[in-house]
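Engineer: need a structure here:
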Amino acid sequence: MALTAGIVGLPNVGKSTLFNAITKSQVEAANYPFATIEPNVGVVEVPDSRIDRLVEIVQPKKTLFTTFEFTDIAGLVKGASKGEGLGNQFLSNIRLTDAICHVVRCFEDPNVTHVEGSVDPIRDIEIINLELVLADEQTVDNRLSKVERKVKAKDAEGIAEKAVLDKIKAALAVGKPARSVELTKDERNLVRGFQLLTMKPMLYVANIAEEEINDPKSNPHFNKVVELAASENNEVVAISAKIEEELSVLDKEEKDMFLQDLGIGESGLDQVIKASYAMLDLCTYFTAGVVEVRAWTFKKGMTAPECAGIIHTDFEKGFIRAETMSFEDMDTYGSEQAVKEAGKLRLEGKDYVVQDGDIMHFRFNV
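Structural biologist: The predicted model follows:
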């Protein structure tokens, strides 16, 4: 399930430094051939301590984490919606992503110039958000002009489409993102194909000074971003992009020692990965055997056959049942056999909605 978050931000906010850290941390696995991926895409493992525990219990020959893609999107300046800077290229790149990670500068440094002349994260956020809103207004207006014919012909789908576009247009007109509009499932389906930029979920990544990383709340700029994000129902992750770049070249043991010295339990990059993963309603189920322990990404709400199909379409077509146990039970009892003996192994059918942390073995017949 290849989903990607686009990293956006004004020049000199630390966006490229963060992306450098991501690309240095990217997964080198045979099933992700980086030779065929554009240089501005980084594939990283989604950190998950449950994998480490399963490896400890099962002792597999191979271990595979689930992965997430980040795309570095360059070229944003004020006026991008009108073609300024890399304008159209920037906006088209964002349209191809599933979510947006907005890097905001929250550090003072006279040696690093700011494109707007001063450090003001709220102003910077408003610049980018306005460009996204203006671009969406163009998209909506273009679509409305096309749908008018259907409305005149009293086409039911055209009438429904215009109604939802009018709702979104009203929000955009007052500077609100499309995601702020309450839409039914059918209405969402109608506008999904338009790839509206402000419909995408957004995570703010506040780039703070190195010395503030273990106490982000001491940074007044960070607190302003948190307040704004809360008003939008968005999340904020605090990072020091410089520290992340240093961490990216260390092995696990060195990285853990460095984090311990800094007084933090988890790197900012790991927090960004987890937050991006959760932002898209993504969950993880596991397959665990002596050949391999592997994490699989699925969308919250997917059924057992749909999750089986992530491994192979034949698994979904010929689905019979899923032998299922929770990670918590495996962790508690210490082996699959012990879970069975405790009566905690379940046989789930086609209607079962898979839960985050399920360990599954699919039975199928094609």
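
Engineer: okay, CA-based contacts and neighbour counts for the rest of this
Structural biologist: Fine.

Engineer: got any ranges where this protein has weak pLDDT?
Structural biologist: Low-confidence segments of the chain (pLDDT under 70): 1-2, 25-39, 74-90, 113.

Engineer: okay, now the domains of it?
Structural biologist: 4-48+63-118+200-279, 132-198, 301-364 (automatic domain parsing).

Engineer: can you give me the end-to-end span of the shortest one?
Structural biologist: So the one you mean is domain 301-364. Start-to-end span of domain 301-364 (CA to CA, to the nearest Å) is 21 Å.

Engineer: now the longest one
Structural biologist: Counting by CA to CA, you get 11 Å between the two ends of domain 4-48+63-118+200-279.

Engineer: the strands in the stretch 51-200 of the chain, which residues?
Structural biologist: For the stretch 51-200 of the chain, strands defined by DSSP state E, counting those that start in this stretch occupy the ranges 62-64, 67-72, 99-105.

Engineer: elements contacting the last one?
Structural biologist: Using 3 or more CA pairs under 8 Å, 6 or more residues apart in numbering; DSSP states H and E as the contact test, the elements touching strand 99-105 are strand 4-8, helix 121-152, strand 202-207, helix 268-279.

Engineer: sorry, back to before: please identify the deepest-packed of the strands of the stretch 51-200 of the chain.
Structural biologist: Compared across the strands of the stretch 51-200 of the chain, strand 99-105 shows the largest average neighbour count, a mean of 26 (mean count of other CA atoms under 10 Å).

Engineer: what are the pairing partners of that one, and which direction each?
Structural biologist: strand 4-8 (parallel), strand 202-207 (parallel) (DSSP bridges).

Engineer: out of these, which is the most enclosed?
Structural biologist: It is strand 202-207: most buried of these by mean count of other CA under 10 Å, with a mean of 26.

Engineer: other residues contacting that strand?
Structural biologist: 13-14, 99-107, 222, 225, 229, 234-241, 272, 275-276, 279 (CA atoms under 8 Å, 6 or more residues apart in numbering).

Engineer: how far does it sit from the chain's center?
Structural biologist: 12 Å (CA atoms, centre = their mean, to the nearest Å).

Engineer: could I get the CA-only coordinates of that strand as CSV?
Structural biologist: The C-alpha coordinates for strand 202-207 follow below in CSV (Å, rounded to 0.1, in the frame of the first residue of the first chain):
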residue,chain,number,x,y,z
MET,A,202,-1.8,18.1,7.2
LEU,A,203,0.9,17.7,9.8
TYR,A,204,2.9,20.7,11.1
VAL,A,205,6.6,20.0,11.6
ALA,A,206,8.1,22.7,13.8
ASN,A,207,11.8,23.0,13.3
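
Engineer: who does the helix or strand just after that strand touch, helix- and strand-wise?
Structural biologist: Downstream of strand 202-207, the first helix or strand assigned by DSSP states H and E is helix 220-231. Applying 3+ CA pairs under 8 Å, 6+ apart, we find helix 220-231 packed against helix 121-152, strand 202-207, strand 235-239.

Engineer: ok, then the element right after the last one?
Structural biologist: Translated: strand 235-239. Counting by DSSP H and E, what follows strand 235-239 is helix 241-247.

Engineer: tell me which residues of that following helix are tucked away?
Structural biologist: 241-245, 247 (16 or more other CA atoms under 10 Å).

Engineer: CA atoms only: put whichever strand or helix holds Met257 into CSV for me.
Structural biologist: Per DSSP H and E: Met257 is located in helix 252-262. As requested, the backbone C-alpha atoms of helix 252-262 are provided in CSV (Å, rounded to 0.1, in the frame of the first residue of the first chain):
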residue,chain,number,x,y,z
LYS,A,252,21.0,1.9,16.1
GLU,A,253,23.2,1.6,19.2
GLU,A,254,24.9,5.0,18.5
LYS,A,255,21.5,6.6,17.8
ASP,A,256,20.0,5.3,21.1
MET,A,257,23.0,6.7,23.0
PHE,A,258,22.8,10.0,21.3
LEU,A,259,19.0,10.3,22.0
GLN,A,260,19.7,9.3,25.6
ASP,A,261,22.3,12.1,25.9
LEU,A,262,19.8,14.5,24.5
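
Engineer: residues of it that come out buried?
Structural biologist: 255-256, 258-259.

Engineer: Arg105 and Ser118 touch, don't they?
Structural biologist: No: under the criterion of CA atoms under 8 Å, Arg105 makes no contact with Ser118, lying 10.2 Å away.

Engineer: hang on, the earlier thing: so which of the domains of the chain comes closest to Val291?
Structural biologist: domain 4-48+63-118+200-279 (8.8 Å; CA to CA).

Engineer: off-centre distance for the closest one?
Structural biologist: That offset, for domain 4-48+63-118+200-279, works out to 11 Å (CA atoms, centre = their mean).

Engineer: and the contacts of stretch 61-71?
Structural biologist: Applying CA under 8 Å, 6+ apart, the contact partners of stretch 61-71 are 2-7, 19, 22, 40-48, 51, 55, 97, 273, 277, 284, 290-297.

Engineer: can you do 6 Å?
Structural biologist: Stretch 61-71 is contacted by residues 4-6, 40-46, 291-296 when judged by CA atoms under 6 Å, 6 or more residues apart in numbering.

Engineer: ends of that stretch, what's the gap?
Structural biologist: End-to-end for stretch 61-71, by CA to CA: 32 Å.

Engineer: so Lys299 touches Thr284, yeah?
Structural biologist: No: under the criterion of CA atoms under 6 Å, Lys299 is not in contact with Thr284, lying 8.5 Å apart.

Engineer: and those two? Which one has more around it.
Structural biologist: Thr284 (22 against 18; other CA atoms under 10 Å).

Engineer: ok, that one - contacts?
Structural biologist: By CA under 6 Å, 6+ apart, the residues touching Thr284 are 296-297, 356-357.
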